[in-house]
Each structure stands twice: as structure tokens, then as C-alpha cells.
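Q: Just to be clear, the model below is a prediction. Sequence and coordinates:
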Number of protein chains: 2
Amino acid sequence: MQDLPIAERPAELTERADAADNRRRILAAASELFARCGAEHVSMQEVARAAGVGMGTMYRRFGDRAGLTFALLGARHQAFQEQLLRGQPPLGPGASPRERLHAFGRGCLELLDDDAPLLAVASSQPSSLEGPNVAYRMHLSVLLREAGVRGDVEYAVETLLMGFDPRLHLHLRHERGWSLARVQDGWCALLDGWLAAPPAR
Amino acid sequence: MQDLPIAERPAELTERADAADNRRRILAAASELFARCGAEHVSMQEVARAAGVGMGTMYRRFGDRAGLTFALLGARHQAFQEQLLRGQPPLGPGASPRERLHAFGRGCLELLDDDAPLLAVASSQPSSLEGPNVAYRMHLSVLLREAGVRGDVEYAVETLLMGFDPRLHLHLRHERGWSLARVQDGWCALLDGWLAAPPAR
DNA sequence: GCTGTAAGCGGAATTCGATCCGCTTACAAC
DNA sequence: GTTGTAAGCGGATCGAATTCCGCTTACAGC
């Protein structure tokens, strides 16, 4: 939180005062509308009108709908990433890789449990394999190697990330009615499968 | 192939002659246009025009873009499913569950390798976790149990299915430049992780 | 062959995301 | 304070998916 979690500060520093104001108004309006009506029933038009800005302004700032969504989630996810890098064990450094990975998975799925409806709308976009996942990909990759996983670590990373897919999560939680704990346990079992795996093949 | 692979015949049997004709024309036009221009550059308008039908006709028949896509892929996937149920080992019955699962994964990924561009367009749709995956979900579920997997088999099934996500596949194959064999080996390693896993936790 | 009717049809209308573009304005330099 | 200019603005516009609805027609029953 104190210094740059990803590379995102420059944009805010060189931002014109009126632009910053609009940005805050758009985020506030989007947050309120999404919460009130459900993200999938709110059009970009409506957000723009509620924020008192034109369409051009929204798209200049956020690029597309997914961009707006990620920006909305930004604060919470940055705090989480901060914990991964500098927080207390078991999430932060100090615990064993396996413990950190378990804590990471459970934590991510907890965040996801709140954000899935929002993210599911964004995840059909081009940016979908990106967003916060870029940071998580690296985190997983490092810890899996530390934990001594043999075989194709990068493929393992991808499967573990797929476990955070918002549409999968909604499917399991709501269509299939699973508890969050069941999903978390499943993810940890998947992880342990990779940790225990013989050298592949 | 000889008798109903999924439940889909009734629609074709009660179909009016002109409707059947339109359906064939739409599929032919879509197939040709998708192949020539790339699925993502062809609008439903264009398919309709090329087939010589109105928009209403397309949507009455196929529901939405994803439906059209799945219909287009239907024949190949039904043949594959047929092989799973009644074909030669190792794909069909006769081999050990583990061998059948490996063959299944490799075969699916091979099909996917051709179809991913098409499926990726469809997979942002509501129908996305469905399509051919419904049948594959059951196949995996049965074979994993036969193979004696302990713990949450259903979660294992979902992770294995995520390995067939068309957008993941395109990402790995084209953005990351992996070979098909690497993806297949990765999937098999994932499978073996589940087969070898201790009772979870 | 005639006829009633449900299925099917075409294409206009609607909706929504995204882009475009000419006008406005904050603010740094002087 | 004035000024130049790049950044920012808004809303018209476009393109695509999907829905709607009044007309047409295949075909089962007679």
C-alpha cells in the first residue's frame, strides 16, 4: 500500500484536476449502481449518466468495461498483493512455500467469492486472462518452484489460475450450490496434487 | 453415430422441410464464411445474407451465436463421443481407466486445437460451460471413480475440464507459443496428480 | 383438392459496447 | 495576467447481437 504495488502511479500523478475528479465520480457511480442493480444489468451509458460525464470520458479513462471493473476492484486486490509480498505469514514471507500457497489460494477464493459477479461480466473481454492474474501468475510460479515442483511448472500455474476463473466460481457456488469451503479444499487438493507429483509422464 | 449420441433427434424428425433446408444452408454458409474469414470477423448478418435467410430464421434455429458454433462442431464431437462409448481401446472400453483418460485428454485437446478459434468466440456466451462439455463431464466423472480417485472427484472433473477452455488453449498455443504436445503432457500430468493424490488435505 | 393453423419466415427495431471528432479548458511557461 | 497547447470532454455515431412482430406457408386432417 505504501509504495507502488504494480506500476500504476504515474497515471495518477500527471492527471489533470478535472480528470481526477471525473475518475472519482465515475468509480463512485459505478460502484453504487453495480451494487444496487447487479453489474450485469448496468450499461456503460447509465454509469456515464449517473456520474454526469460523457461516454468518451469513461472510455478515455478506463479503456473498456473490463478496465472499469478492474479499477473498481483495484484497492482490495492491491491490498491483498501487498500482504503476499510483505504481510504476516502464512500469506507473506516466513512460512513454508506450501503453507503460503494454501493461504494464497484460500485468500484469493475468498476475494473472488465477493467479486465473482463483477468479474464474470469482465471476463469475456480481451483483458480477461490478465487483470490481477498477471501478478498472481508470478507469485504462484515463484512459490511452486520454491516448493520443488517438478515437471512443467508453468502448466501447473495455469491450471491453478483457472481455479480462480470467475465463471467457474459462480457455476460451482451458485448453480451447483457448493460451499466456499468446498471450493477452497478442492483448490488445495489440486495444489497438493502438483506438489506431490512425480516428474511428469 | 448409428443411434442417438446425445438427445437431439426429436428436433430433426419433426422439422418442416423448408426449415430443414434453411438449417442446412445456414450451416453451410457459416462453415464456409468462418473458414474463409475467421470466425471472429463474421457477423450473424453476413451468415444470414450468405445463406439467403433472415435473422429471425437463424436465431429461431440456433438460439444465439454460441448455438450456431456448437451446431457447426456437432458432427466431429459426436463422432468423438461415439468413440469414447463404443470405439477401440485406449479411447473406448477395454483399456485401464488411466489409459482411457490419457487418450481422452489427448484426443480432446487435438480436437480443440482445430476448433479453439471458433469456440473462443462462443465461450463468452451463457452456454459456455455447457456445449460438448456436458458429455465430457460425465465421462471424466465415471472414469476417475473407476480409477479410484479419492477426495472430491467432482472438483477434479472441473479442473480437468478447465484444461479444455478454448481461451486458455489459444493463450498457451499462440500467445505463449507452446506446442500441442506440451499442453497434452501438461494435462496428463494434471490428471496423474489427481490419480496419485492422497485423500485430500 | 381444400382448409385451418401452428410453425416458420424476414427484416426492422432495439440495445449496448465502443469509437470518433470538433470543441473546451487546465495549467505551465512567460 | 496572457497565452499556447496538449489533455480532456461529451454525445453523435457505428457495428453487431438479439428480439419482435405481422405476414407466409407447409402439411395434417378431411
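A: Nice, I can see it.

Q: Quick one: name the residues of chain A near DNA strand C.
A: Counting by Cβ under 7 Å from any atom of the strand, chain A comes close to DNA strand C at A:16-18, A:43-45, A:55-56, A:59, A:63-66, A:125. Every residue, glycine included, has its C-beta placed from N, CA and C.

Q: nearest to chain B, of the residues you listed?
A: A:Gln125 (8.3 Å; Cβ to the nearest Cβ).

Q: check whether the helix or strand hosting A:Glu110 contacts DNA strand D.
A: Assigned by DSSP states H and E, A:Glu110 belongs to helix A:97-122. No. Using Cβ under 7 Å from any atom of the strand, we find that helix A:97-122 stays clear of DNA strand D, coming within 14.2 Å at best.

Q: After that helix, which helix or strand is next? Please name it.
A: helix A:133-146.

Q: That next one and chain B in contact?
A: No. Using Cβ under 8 Å from any Cβ of the partner chain, helix A:133-146 never reaches chain B; the gap is at least 10.9 Å.

Q: In chain A, what helix or strand scores lowest on average pLDDT?
A: helix A:9-13 (a mean of 53; mean pLDDT, DSSP states H and E).

Q: picking up where we left off before, buried residues, the helix holding A:Glu110. List them.
A: Within helix A:97-122, the residues scored as buried using 16 or more other Cβ atoms under 10 Å in any protein chain shown are A:97-98, A:100-109, A:111-112, A:115-116, A:118-122.

Q: Spatially central, which residue of chain A would that be?
A: In chain A, the residue lying closest to the centroid (Cα atoms, centre = their mean) is A:Pro132, at 4.2 Å.

Q: Please tell me how far that one sits from A:Gln78.
A: From A:Pro132 across to A:Gln78, the span is 9 Å (Cβ to Cβ, to the nearest Å).

Q: Lowest-confidence one in the residues of chain A next to DNA strand C?
A: Ranked by pLDDT, these bottom out at A:Gln125 (64).

Q: hmm, stretch A:159-172 in reach of chain B?
A: Yes. With Cβ under 8 Å from any Cβ as the measure, stretch A:159-172 is seen reaching chain B through A:Thr159, A:Met162, A:Gly163, A:Asp165, A:Arg167, A:Leu168, A:His171, A:Leu172.

Q: OK, contacts around the residue nearest to the centre of chain A?
A: Under the criterion of Cβ atoms under 8 Å, 6 or more residues apart in numbering or on different chains, the neighbours of A:Pro132 are A:Phe70, A:Leu73, A:His77, A:Gln81.

Q: Got the domain ranges for chain A?
A: As recorded under automatic domain parsing, the domains making up chain A are A:7-62, A:73-201.

Q: Just the pLDDT for A:Arg167.
A: On pLDDT, A:Arg167 comes in at 89.

Q: How about the secondary structure of it?
A: For A:Arg167, the assignment made with DSSP: H, G, I helix; E, B strand; the rest coil gives helix.

Q: same check, this time on A:Pro89
A: coil.

Q: Next, find the distance separating it from A:Ala95.
A: Taking Cβ to Cβ, one finds A:Pro89 at 4 Å from A:Ala95.

Q: Same question for A:Asp114.
A: In this view, A:Asp114 and A:Ala95 are 25 Å apart by Cβ to Cβ.

Q: Which residues of chain A lie near DNA strand D?
A: Counting by Cβ under 7 Å from any atom of the strand, chain A sits next to DNA strand D at A:15-16, A:18-19, A:21-22, A:52-57, A:59-61.
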